[in-house]
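1. sequence and predicted model, in that order:
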Amino acid sequence: MTPMARRSAPTPAYRLQVAWRIAAAVFASFALTSAFGALLAAALMRSGALPRPSAVQAATLLAFCVWCGAVMWAFQSRSAARVWLNQGVPALLMGILAWWLLRGASA
Amino acid sequence: MKDGFKGGWRQSMSWLHTWVGLVSALLLYFMFVTGSVGYFNTEVDRWMRQETQAGAGGVLPVQMVQRGLARLHAVSAGGAKEWYVSLPEGRRRLDLQIYWQALPGPDGREAEYKEENLDPATGQPRVEPRKTGGGNALYRMHWALHYMPEKVAMYLVGVATMFMFIALVSGIVVHKKIFKDFFTFRPAKGQRSWLDAHNVSSVMALPFFLVITYSGLVFYTYEYLPSVKLAVYGSGEQAERAFSREVYGEVYAEVARSGTPAPMAPIGPMLAQAEARWVAGSVSGLSIQQPGDAHARLLIYQRDPAGSVSRLSETLAFDAVSGRMLDLPAVAPSGPGIFSGVMLALHEGHFAGPLLRWLYFASGLLGAAMIATGMVLWTTKRRQRLKAGEPAHAGLRFVERMNVGSIMGLPIGIAVYFWANRLIPAELPGREDWEMHALFIAWALALVHAGLRPVQRAWVEQLATGAALYALLPLVNAATADVHLARTLPGLGTHGDWVLAGFDLTLLAFGVAFAFASAWAVRTSRRGAAGPKAPDNPANPQASPAQPAMHMPSTAESTIAWPANKPDSSWPTP
């Protein structure tokens, strides 16, 4: 596309892409952030580095920064499908690992 | 699989920066302005409640507590779930305050908290000749907004804060020359001046913005990001209790009602125990859960040490019937706990003395300026892209008008809030609500006005309106109240008082600032009328050679100094 073409009004297809990309950024980054936080909390607890409440606090406080990074990453990716792949798969893996580490941990 | 989002790292981050900024700009601007003004809540309160002289005046804490409890007895004939007594504490709390929550209704719904300010000398509610929301009503809007349930506001504010965080970090990464831009301002160059103004206001207080934004999220850590807590503790009431016990401590656990009435032990010895453990005068207040019940529990809260940024003050629990101190397991201070506490303390800034308080205020206004310049930059850039004679499209015209009405409408509304405080008759029922309605009515009128007038005229007229409203307020004050400058200015008046005098002087300063801005807008619009094409057109030979290699020549793409324009980029700015 030339700069000239860029100045014309966005097409419906483009708007749809934007919406799809935003949806990917919101949901995939939330999943990635949550899974990262849960895994970090689990690791801190299970390794004995921090007791349970501090592990949850520390992981959640750090996860806000991860969230910010994940959203930025989502907009930098080549396509929305990539976002789901790049962030969804690690989220799933980290989630499973966290779940495995946390068996029987809840109150 | 590729969609329209190809292009370099910087383009994509610039797109994100613009998008999150544009979507949340209005709410963030509102939060920065109300947060800055509300940070002076006590001072604003003193001006707005000019007839009321708050203050403890040498009454002993134990007397105040007894008077507070007596008043709570009087207002809770039908029983109460919880009582609070908060003692006066420096500028943070000028009066004795009580809060109470009635027992839940028959349907199990929790009752709303009510509050009263008491005269510490008598224990009776302050007689207020004019009811007002005061400074706290402005302060509260910073997070609870207005005209909506608190929960909705909490999530709206949370989303906006997260967007702000993303806008800041993406703004930093696309920004190559942070240090250089600190010293770069090229006035009267249209879009570039707005870009410079946006950069300077952003970079100047960048650490403040990062901390204030991140710490804003910390206030509702587990509401905004509940997943880690849910993963570890599970969900449900039992999990909630376990979490609260482990993170905040057993003392704050909720006590169930037994149903058997029981008289309360005298408060004096319990207060004496607390003061003996800490130091005299270090009790900040107390609360009683299930007062009058056999299970009643009393908590005594310690003050944060003056000037401290930590929140390590202690809370003691007592059996309110026997008067015995309860030995409940305390939460050991932990790294993350201390970190959260420091973040919250930095955000609230209660520790700050006068100088630091002004610096916070100035940084907050700089944040409002950062957002406002960003909003104007968005439209200036799009207008500059238009070819000669090409009409601006409806979206651009809409945003231009919204900008005037939003950016100037809010300060105009706040000035009208102060006018309303002085002018609404004292006996009008619900006058404190009408003060606030006046703010929003004025803001709505500003938006309508911006919709009806040519954009440049709207700027000039609203800036002039703001100037008049602020500059005349000290006069209105003098005409309607006796706390005017001629009496309050130290050295001049008989009742020298820097807080009241400072308030009037600050209003004058804002009036003068808006007057200058208005005059400047007049000059800009005249120049605009002389030559409709913006001054920093790339075709204009003045523009580029004057600033060689400092920045990109201003083409459509340079939101923030790009290394090079990529003409093949398909990132249309939103």
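-> Arrived safely, thanks for sending.

2. so where's the longest helix in chain A?
-> Secondary structure of chain A per DSSP state H: the longest helix is helix A:12-46.

3. so after that helix, what's the next helix or strand?
-> Sequence-wise, the next helix or strand downstream of helix A:12-46 (DSSP states H and E) is helix A:52-76.

4. what is the mean pLDDT for the helix or strand following that following helix?
-> Using DSSP H and E, the helix or strand that follows helix A:52-76 in sequence is helix A:80-83. Here helix A:80-83 scores 91 as its mean pLDDT.

5. go on, stretch B:246-260?
-> pLDDT averaged over stretch B:246-260 gives 90.

6. how far does that stretch stretch from start to finish?
-> 30 Å (CA to CA, to the nearest Å).

7. hmm, that stretch in reach of chain A?
-> Yes: Stretch B:246-260 is in contact with chain A by CB under 8 Å from any CB of the partner chain, via B:246-247. C-beta coordinates here come from the backbone N, C-alpha and C atoms, glycine included.

8. contacts for that stretch?
-> Outside stretch B:246-260, the residues that touch it by CB atoms under 8 Å, 6 or more residues apart in numbering or on different chains are A:51-53, A:56-57, B:81, B:241, B:244-245, B:289-290, B:293-297, B:299, B:315-317, B:326, B:328-331, B:337.

9. the residues you listed, buried ones only, as a ChimeraX selection?
-> This is how ChimeraX selects the buried members of the contacts of stretch B:246-260, with burial counted by 16 or more other CB atoms under 10 Å in any protein chain shown:
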select /A:52,53,56,57 /B:81,244,245,289,290,293,295,296,297,299,315,316,317,331,337
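
10. out of the contacts of stretch B:246-260, which sit inside strands?
-> B:81, B:289, B:297, B:299, B:315-317 (DSSP state E).

11. show me the two of those that sit farthest apart.
-> Spatially, the most separated pair among these is B:K81 and B:L316, at 20.7 Å (CB to CB).

12. which regions of chain A sit below the pLDDT cut-off?
-> A:1-9, A:105-107 (pLDDT under 70).

13. all strands for chain B, in order.
-> Along chain B, counting by DSSP E, strands occupy B:80-86, B:96-102, B:113-118, B:283-289, B:297-302, B:315-319.

14. and for the residue nearest to A:Q87 when sequence neighbours are not counted, the neighbour number?
-> Spatially, and ignoring its direct neighbours in sequence, A:Q87 is nearest to A:A28 (4.0 Å; CB to CB, 6 or more residues apart in numbering or on different chains). Per other CB atoms under 10 Å in any protein chain shown, the neighbour tally for A:A28 reads 26.

15. for the one 3 residues further on, same thing?
-> Other residues near A:A31 number 20, with proximity taken as other CB under 10 Å.

16. isn't it right up against A:G88?
-> Yes: using CB atoms under 8 Å, A:A31 is in contact with A:G88, at 6.5 Å.

17. didn't B:M408 look like it was pressed against B:L463?
-> Yes: assessed by CB under 8 Å, B:M408 is found in contact with B:L463 at 6.3 Å.

18. could I get the strands of chain B as CSV with mean pLDDT?
-> Listed next are those as CSV, based on pLDDT from 0 to 100:
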stretch, mean pLDDT
strand B:80-86, 96
strand B:96-102, 95
strand B:113-118, 91
strand B:283-289, 95
strand B:297-302, 96
strand B:315-319, 95
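
19. and of the ones you listed, who's closest to chain A?
-> strand B:315-319 (16.9 Å; CB to the nearest CB).

20. from the chain's centre, how far out does the closest one sit?
-> Centroid separation for strand B:315-319 versus its chain: 33 Å, with CA atoms, centre = their mean, to the nearest Å.

21. kindly export it (C-alpha atoms) in CSV.
-> Below are the C-alpha coordinates for strand B:315-319, written out as CSV (Å, rounded to 0.1, in the frame of the first residue of the first chain):
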residue,chain,number,x,y,z
THR,B,315,-4.1,-3.5,64.8
LEU,B,316,-5.0,-4.9,68.2
ALA,B,317,-8.1,-7.1,68.8
PHE,B,318,-10.1,-7.3,72.0
ASP,B,319,-13.1,-9.3,73.2
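
22. other SSEs contacting that strand?
-> The contact analysis (3 or more CB pairs under 8 Å, 6 or more residues apart in numbering or on different chains; DSSP states H and E) places strand B:315-319 against helix B:267-277, strand B:297-302.

23. what's around residue 12, how many residues?
-> Reading this off chain A. Around A:P12 there are 7 residues (other CB under 10 Å).

24. nope, chain B
-> By other CB under 10 Å, the residues close to B:S12 number 23.

25. find the nearest non-adjacent residue to it, please.
-> Using CB to CB, 6+ apart, the closest residue to B:S12 is A:Q76 (4.7 Å).

26. identify the residues contacting residue 86.
-> As the question left the chain open, I've gone with chain A. A:28, A:73, A:77.

27. I was after chain B.
-> B:S86 touches B:93, B:96-99, B:284-285, counting by CB under 8 Å, 6+ apart.

28. if you set the cut-off to 10 Å instead, what comes out?
-> By CB atoms under 10 Å, 6 or more residues apart in numbering or on different chains, the contact list for B:S86 reads B:64, B:68, B:92-93, B:95-99, B:115, B:117, B:284-287, B:301.

29. could you do B:L423 as well?
-> B:416, B:435, B:438, B:476, B:479-480 are the contacts of B:L423 under CB under 10 Å, 6+ apart.

30. cool, and B:V522?
-> B:456-457, B:459-460, B:463-464 are the contacts of B:V522 under CB under 10 Å, 6+ apart.

31. dump these to JSON lines, plus pLDDT and distance to B:V173.
-> Listed next are those as JSON lines, based on pLDDT from 0 to 100; distance: CB to CB, whole Å:
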{"residue": "B:Q456", "pLDDT": "93", "distance to B:V173": "35"}
{"residue": "B:R457", "pLDDT": "95", "distance to B:V173": "39"}
{"residue": "B:W459", "pLDDT": "96", "distance to B:V173": "32"}
{"residue": "B:V460", "pLDDT": "97", "distance to B:V173": "37"}
{"residue": "B:L463", "pLDDT": "98", "distance to B:V173": "34"}
{"residue": "B:A464", "pLDDT": "98", "distance to B:V173": "40"}
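
32. any idea which of these is closest to B:T524?
-> B:Q456 (7.4 Å).

33. how about the stretch 251-400 of chain B: which residue is closest to chain A?
-> B:P336 (3.8 Å).

34. give me the number of residues near that residue?
-> Number of residues near B:P336 (other CB under 10 Å) recorded here: 21.

35. how near is it to B:S313?
-> To B:S313, B:P336 is 18 Å away according to CB to CB, to the nearest Å.

36. quick check: pLDDT value at the residue lying closest to B:G493 once chain neighbours are set aside.
-> Leaving aside its sequence neighbours, B:G493 sits nearest to B:R487 (CB to CB, 6+ apart; 3.8 Å). Per-residue confidence at B:R487 stands at 86 (pLDDT).

37. counting neighbours, which of the contacts of B:S86 comes out on top?
-> Going by other CB under 10 Å, B:L96 tops these with 30 neighbours.

38. identify the residues contacting that residue.
-> Contacts of B:L96 by CB under 10 Å, 6+ apart are B:54-56, B:59, B:61, B:63-65, B:67-68, B:71, B:85-88, B:116-123, B:126, B:285.
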